[in-house]
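Colleague: sequence first, then the predicted structure:
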Amino acid sequence: MKTTQKSPFISQLTGFWLNRELDKLGPIPTAIYMTIFFEFNRTFWRKKWVKLTIRAIMEKTCIGSTHTVQQNCRLLEEMGYIKMRLVRQGKFQFTEYRLTEFNREGDLCGEDSCAPQYTFDSQGIPCSGHRAAEADGWYTPDNITAGRKTSA
């Protein structure tokens with residue numbers, strides 16, 4: 001089962017880069033996010049959560065302080081880019097990470113906020129493609145080449 005079932009990994013990366021600019025995310029949290037992203041990519045997006053130690057993140061991002069990694073992971077979690085959970089396995093404990101999904105427009109998705117959005121035609125039937133554009137008034141046979149909205 002893929003972590004990003006509703007959006008492929010390209011949409012995930014594109015959404016992150018768009019939001020990164022809007023949120024003015026610095027280079028350290030960006031490097032940490034990309035490390036987690038590449039870990040998911042390495043596992044072919046089959047897992048919902050990936051295990052990464054703070055030391056592994058430090059090594060992959062060339063950050064010299066555990067505090068800096070932890071602080072920026074918390075920042076990413078507070079901003080909604082990732083989710084973290086502490087897991088115990090025997091006498092060992094480690095952190096698992098999950099990326100928050102982005103929809104096609106680059107918006108962060110909540111738990112259920114990435115449900116497909118439908119446009120409804122005049123009979124109240126969900127439609128997509130040209131029918132959706134036609135229902136919105138953007139597509140009619142008369143203005144296909146004009147590329148402008150019809151007057152209501």
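Modeller: Structure received.
Colleague: tell me where the chain is predicted with low confidence.
Modeller: For the chain, the stretches with pLDDT under 70 are 1-8, 103-106, 108-152.
Colleague: walk me through the domains of it.
Modeller: 9-99, 118-152 (automatic domain parsing).
Colleague: just the helices in the chain please.
Modeller: Under the criterion DSSP state H, the chain contains helices at 9-23, 27-42, 54-61, 66-78, 130-135.
Colleague: tell me which of these lies nearest to residue 98.
Modeller: helix 27-42 (8.6 Å; Cβ to Cβ). C-beta here means a position set from N, CA and C on the backbone, and glycine is covered the same way.
Colleague: so the closest one versus helix 9-23, what angle?
Modeller: 170 degrees (axes from the mean of the first three to the mean of the last three Cα atoms, to 10 degrees).
Colleague: what sits up against helix 27-42?
Modeller: Contacts of helix 27-42 with the rest of the structure, by Cβ atoms under 8 Å, 6 or more residues apart in numbering, involve 3, 9, 12-13, 16, 20, 25, 47, 50, 52, 57, 60-61, 63, 68-69, 72-73, 75-76, 81-82, 97, 99.
Colleague: may I see the buried residues of that helix?
Modeller: Buried residues in helix 27-42, counted by 16 or more other Cβ atoms under 10 Å: 28-33, 35-37, 39-40.
Colleague: swap in stretch 55-66?
Modeller: For stretch 55-66, the neighbour count (16+ other Cβ under 10 Å) marks 57-58, 60-61, 63 as buried.
Colleague: and for stretch 42-54?
Modeller: Buried residues in stretch 42-54, counted by 16+ other Cβ under 10 Å: 45, 49-50, 52, 54.
Colleague: among those, which are in strands?
Modeller: Judged by DSSP state E, strands contain the following of the buried residues of stretch 42-54: residue 50.
Colleague: need the buried residues of stretch 42-54 in CSV with distance to residue 91, can you?
Modeller: Shown next, in CSV, are the buried residues of stretch 42-54 (distance: Cβ to Cβ, whole Å):
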residue, distance to residue 91
45, 31
49, 20
50, 21
52, 19
54, 18
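Colleague: closest to residue 107 among the buried residues of stretch 42-54?
Modeller: Distance to residue 107, by Cβ to Cβ, is smallest for residue 45 among those, at 19.8 Å.
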